[in-house]
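>>> show me the folded form of this:
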Amino acid sequence: MSLSSLFQSFHTQHQQESSMNTIQYGKSDRHDLIENPSPRCACMLVLDVSGSMDGQPIQELNEGLREFLVAVGEDDMAAYSVEVGIITAGGRVSEVLPFTTAHELQSLHPLNATGSTPLGGAVELALLRLDERKEEYKRNGVSYFQPWLVIISDGSPTDAWQGAAAQARDLSSRRKLVVMPIGVQGADLGTLGQFTTRSAVPLNGLKFREFFEWLSQSMSNVSNSGSTHDGDIKLGSIGGWASI
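Numbers count the residues shown, from 1 in each chain. Next up, the predicted model:
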């Protein structure tokens, strides 16, 4: 699906829906797991959309996110293997996209920046959804790759975050979850680094498009690897988007 088609789909659908923040997508349910038994890679995005992201940052985030969703949807393997979920932290925690297989994505609600940064609650919900999804895979006999949790923020959590950080870090240390915190300019990298066994990665300027291009290629590499063992998968250099 082209970007223009994706946007048009959103505008048409948005006119028919209420003002609720969550849009209905082609949710990946049990029937999809039966009809499409491809090994899955769950990729959960936790996005800081607090008021400090207003203006160019949220515009660049939206554009990079749209291009990411289109790219994974157009990849022959990733389209049927990658499941994307999106949870935002902006004044409140919102699940704006339940886990959806890439080929079923139909529309994208542009994100708006507002409020505080309840990042702890957002990560807590993300970990719950990831655990639920893995249980669905197991119940239906579907193999899966190590799930991914991507956290993008330009500040510090404004809620209790330590418990969620400890849980994410534990899963990362046991190689049960790939946790990648990305710090936009002004982010508290020390706090973000508490969510993983590795350091948080600072984004170079507002290179969201370059980051999401890298992420889509990473998802493609994972789904095309032919192995569900994380150590067998080669990922590209982060130099094109990270400030290193």
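
>>> so the residue nearest the centre of the chain is in which element?
Residue closest to the average C-alpha location in the chain (C-alpha atoms, centre = their mean): Leu45, at 2.0 Å. Taking DSSP states H and E as the criterion, Leu45 maps to strand 41-48.

>>> what's the mean pLDDT across that strand?
Model confidence over strand 41-48, given as mean pLDDT, is 97.

>>> from the chain's centroid, how far away is it?
Distance of strand 41-48 from its chain centroid, counting by C-alpha atoms, centre = their mean, to the nearest Å, is 2 Å.

>>> try stretch 100-116
Per C-alpha atoms, centre = their mean, the displacement of stretch 100-116 from the mean C-alpha position of its chain is 10 Å.

>>> list the buried residues in it.
Under the neighbour-count criterion of 16 or more other C-beta atoms under 10 Å, stretch 100-116 has 100-109, 111-113, 116 buried. C-beta coordinates here come from the backbone N, C-alpha and C atoms, glycine included.

>>> filter those residues down to the ones in strands?
When these are checked against strands using DSSP state E, the ones located there are Thr100, Thr101.

>>> which of the buried residues of stretch 100-116 sit farthest apart?
The largest distance within the buried residues of stretch 100-116, taken as C-beta to C-beta, falls between His103 and Ser116 and amounts to 35.4 Å.

>>> ok, the closest residue to Ala242 other than its chain neighbours to Ala126 distance?
Take Ala242 and drop its neighbours on the chain: the residue closest to it by C-beta to C-beta, 6 or more residues apart in numbering is Val201, 5.0 Å away. Val201 is 18 Å from Ala126, where distance means C-beta to C-beta, to the nearest Å.
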